[in-house]
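Chemist: Below is the structure, and that's it, no one-letter string:
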């Protein structure tokens, strides 16, 4: 009856059809991938088994064992694959960030690049890249992932980490995706195994009776569920929705909801300022409008009977990129092509021929004896192993047949060795690994010929290397996509420079306010990692150790060609030596570098240029001029002395004259003072006499009352 819910008739509405639950939809999407890709997974498992476990078909091995023939393996493929992986390590790519647009500051670009480099360092990303590249060579595809985790158990800050996916068959993607990294698909995910105890510790309250995903698909990987483990599935899923977007008359693009808010504020402003348009204000209007299909991403973890976690994923790029080795498309189906695929049959033939050679060598050591039973009666043990008998072999003479006779073993067939060598040559040609790429001597004598053979050797591998780099670049894009969401708060982070040295940088630091190009006041934030557009580039510069060795070799050659160059780079030579006491060597040798170069590297102004030694003739002339100048100075000094003496004499005469005048003036002053004194005394006497006379002639007052 439940199936009738999904049967539509003329009276039914599509909206009445029940949508599958998120768990059912997730399980269905996983089934889509493995139903399409299980055949290729089985082929890849066979390739891995051949490469590392057993290179003989079971029926052929059993047939040879019945006849006591050896089944030996002369595995050339593993050494070649490991050699290529070693080349990957020596030529590890580096991710370079560049800003998009004019608003992005170079300082922020450098922080982004240094942060990604530090994420790679802390994650041991080289291991993740090499495992993905190794699976590309062996199976035809691989995978890696970017995750976020807390910086420490006691921190709320999150960091990004790059993780390897050890088992190639545990990752899955949308089978309809056509992008090389499956980034255009609607989902991706990975299976993982938890012990039952750990599962109960993490999810016991949510799902006390988990049903692992064993049997969920026909995939070999998910059939490894045991009684003590639980297989869980982790998926990143895009959920699509429709939204109206508009373009305003000032060419700014936004959602219809955001545009409505802008136009409402504009309407309020015009209501408060009716003369705004007369003053030059140009009102905004909607120029274009369309319906856009967008998506959000969800992160879910589930077992077959329960969704354990369901969270919103802040990024927009699927965080598990598909690392393609090589592939082709037949009837719309992607067919992975591992690097070793075409060499399998040749390797089998080498094993067959090598085993026959070994069998022929074993047979050549066994001698056959022709004799009657009477000839060796009583001496059977000696004749059974005649090579172990020292001295002589005893036998019974037979009058009819005579004595025992030795029959020589069949001659070793040298054509087997020729066939084996031809197979070895064919194998190397199939894989494109000529002798030069393996460090062996060949008939190529000149350097040009050797380099040409090396280049030819690398061409088949370059395809896989290039595809692996494309996957690494996608990892960088995922980091760029997630950094604004993970590193969105004010804090100090570690960044790493190209010299592999780390330093601390403060990010998202508020620093006052500033006016944006639109004329609005907004908060200024230094080292803001939450804004701006960035892109990623990938470069193959070799590993740091390899680059250091190459730099050392180049600098030594330059110094040999021009010794003056050696005087400019003694500290760089020491820095690239990689010795234990390198810092001390650099510090001491840096004193030999010209000061202008040191000043420029340290960001200091250049020192003044040293003075050039003068010409001797100029020095003599300057000496003569100095003597004449000194003579003139002496004459002028003597003249000044005479002038000063004359001035002093004149001053002395003037002082003496002034002294005489002063004495005369003092005498006159004293005489005048005496005259004034006498006059004053006379005036006082007159006043006293007048006062006395006044007292005698004044009548006495009448005391009677009226």
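Modeler: Structure's in. What do you need? Since the structure is predicted, the reported quantities are computational estimates derived from the model, not experimental observations.
Chemist: mind listing what residue 127 touches?
Modeler: residue 164 (Cβ atoms under 8 Å, 6 or more residues apart in numbering). Quick note: C-beta positions are derived from backbone N, CA and C, even for glycine.
Chemist: Longest strand in the chain, please.
Modeler: Counting residues, the longest strand found in the chain (DSSP state E) is strand 229-248.
Chemist: Partner strands of it, with direction?
Modeler: Its sheet considered, strand 229-248 pairs with strand 187-195 (antiparallel), strand 253-255 (antiparallel), strand 286-303 (antiparallel) by DSSP bridges.
Chemist: measure the residue nearest to residue 324 when sequence neighbours are not counted to residue 343 for me?
Modeler: The spatial neighbour of residue 324 that comes closest, neighbours along the chain excluded (Cβ to Cβ, 6 or more residues apart in numbering), is residue 467 at 4.6 Å. For residue 467, the distance to residue 343 equals 19 Å [Cβ to Cβ, to the nearest Å].
Chemist: on that earlier part again, the residue nearest to residue 324 touches residue 180, doesn't it?
Modeler: Yes: counting by Cβ atoms under 8 Å, residue 467 touches residue 180, with 7.1 Å between them.
Chemist: higher neighbour count, those two?
Modeler: Set residue 467 next to residue 180 and count neighbours by other Cβ atoms under 10 Å: residue 467 wins out with 22 against 16.
Chemist: Next up, the contacts around that one.
Modeler: 136, 180, 323-326.
Chemist: how about 7 Å then?
Modeler: For residue 467, the contact set (Cβ atoms under 7 Å, 6 or more residues apart in numbering) comprises 136, 324-326.
Chemist: Excluding its own residues, what touches stretch 89-98? List them.
Modeler: With contact meaning Cβ under 7 Å, 6+ apart, stretch 89-98 is reached by 109, 112-113, 116, 126, 130, 469, 472, 476, 534-543, 546.
Chemist: centroid residue for the chain?
Modeler: Closest to where the C-alpha atoms of the chain average out (Cα atoms, centre = their mean) is residue 117, at 2.5 Å.
Chemist: so which helix or strand takes in that one?
Modeler: Residue 117 is part of helix 106-123 when elements are defined by DSSP states H and E.
Chemist: Which strands or helices does that helix pack on?
Modeler: Contacts defined by 3 or more Cβ pairs under 7 Å, 6 or more residues apart in numbering; DSSP states H and E place helix 106-123 against strand 93-100, strand 158-164, helix 447-486, strand 491-496, strand 502-507.
Chemist: hey, which of these is tucked in deepest?
Modeler: strand 158-164 (a mean of 20; mean count of other Cβ atoms under 10 Å).
Chemist: Which is the succeeding secondary structure element to that strand?
Modeler: strand 171-173.
Chemist: Counting by contacts, list what that following strand packs against.
Modeler: Against strand 171-173 (3+ Cβ pairs under 7 Å, 6+ apart) you get helix 22-52, strand 187-195.
Chemist: Output the below-cut-off pLDDT ranges for the stretch 1-150 of the chain.
Modeler: Within the stretch 1-150 of the chain, the stretches with pLDDT under 70 are 1-19.
Chemist: Of the strands paired with strand 229-248, which is nearest residue 276?
Modeler: Nearest of the strands paired with strand 229-248 to residue 276, taken as Cβ to Cβ: strand 286-303 at 19.4 Å.
Chemist: ok, the very next helix or strand once past that closest one: who's next to it in the sheet?
Modeler: Counting by DSSP H and E, the next helix or strand C-terminal to strand 286-303 is strand 306-313. If you go by DSSP bridges, strand 306-313 pairs up with strand 286-303 (antiparallel).
Chemist: so for stretch 300-320, what's the average pLDDT?
Modeler: Throughout stretch 300-320, pLDDT has a mean value of 93.
Chemist: Could you list the low-pLDDT ranges of the stretch 301-450 of the chain?
Modeler: Ranges of the stretch 301-450 of the chain meeting pLDDT under 70: 364-367, 409-412, 434-450.
Chemist: hmm, back to that, hmm, who's touching the helix holding residue 117?
Modeler: So helix 106-123 is contacted by 95-99, 160-163, 476, 479, 483, 493-497, 502, 505, 507, 527-529, 532, 534 (Cβ under 7 Å, 6+ apart).
Chemist: orientation of the longest strand of the chain relative to helix 22-52 in degrees?
Modeler: Here strand 229-248 points in a direction 120 degrees away from that of helix 22-52 (axes from the mean of the first three to the mean of the last three Cα atoms, to 10 degrees).
Chemist: ok, how many other residues are close to residue 191?
Modeler: Per other Cβ under 10 Å, the neighbour tally for residue 191 reads 24.
Chemist: residue contacts, the closest residue to residue 168 other than its chain neighbours?
Modeler: By the measure of Cβ to Cβ, 6+ apart, the closest residue to residue 168 outside its immediate chain neighbours is residue 135, 4.3 Å from it. Residues in contact with residue 135 (Cβ under 7 Å, 6+ apart) are 141-142, 168.
Chemist: can you pull the pLDDT of the nearest residue to residue 477 once chain neighbours are set aside?
Modeler: Leaving aside its sequence neighbours, residue 477 sits nearest to residue 536 (Cβ to Cβ, 6+ apart; 5.4 Å). If you check residue 536, the pLDDT there is 91.
Chemist: just checking, what packs against the helix or strand harbouring residue 536?
Modeler: Element membership of residue 536, judged by DSSP H and E, is strand 533-540. In terms of contacts (3+ Cβ pairs under 7 Å, 6+ apart), strand 533-540 is packed against strand 93-100, helix 447-486.
Chemist: Tell me the strands beside it, with direction?
Modeler: strand 93-100 (antiparallel).
Chemist: now the strand it pairs with against helix 447-486, angle please.
Modeler: Using the same axes, to 10 degrees: strand 93-100 against helix 447-486 is 50 degrees.
Chemist: how far does strand 93-100 sit from the chain's center?
Modeler: Here strand 93-100 is found 9 Å from its chain centre; the criterion is Cα atoms, centre = their mean, to the nearest Å.
Chemist: the inter-axis angle of that strand versus helix 106-123?
Modeler: Using the same axes, to 10 degrees: strand 93-100 against helix 106-123 is 150 degrees.
Chemist: follow-up on the earlier one: can you tell me which of the helices and strands packed on strand 171-173 is packed in deepest?
Modeler: Among the helices and strands packed on strand 171-173, strand 187-195 has the highest mean neighbour count (mean count of other Cβ under 10 Å), at a mean of 20.
Chemist: Which residues does that strand contact?
Modeler: The contact list for strand 187-195 (Cβ under 7 Å, 6+ apart) reads 29-30, 145, 165, 170-174, 182, 213, 221-222, 228-238, 318, 320.
Chemist: what is the mean pLDDT for it?
Modeler: Average pLDDT, strand 187-195: 90.
Chemist: picking up where we left off before, what are the buried residues along the longest strand of the chain?
Modeler: By neighbour count on 16 or more other Cβ atoms under 10 Å, the buried set for strand 229-248 is 229-238, 245-246, 248.
Chemist: ok, so of those residues, who is nearest residue 206?
Modeler: Nearest to residue 206, judged by Cβ to Cβ, of the buried residues of strand 229-248 is residue 232 at 11.7 Å.
Chemist: ok, the closest one - contacts?
Modeler: 192, 194, 213, 301, 303, 308.
Chemist: Dump those to JSON lines, plus distance to residue 47.
Modeler: Below are these laid out as JSON lines (distance: Cβ to Cβ, whole Å):
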{"residue": "192", "distance to residue 47": "24"}
{"residue": "194", "distance to residue 47": "29"}
{"residue": "213", "distance to residue 47": "25"}
{"residue": "301", "distance to residue 47": "31"}
{"residue": "303", "distance to residue 47": "31"}
{"residue": "308", "distance to residue 47": "34"}
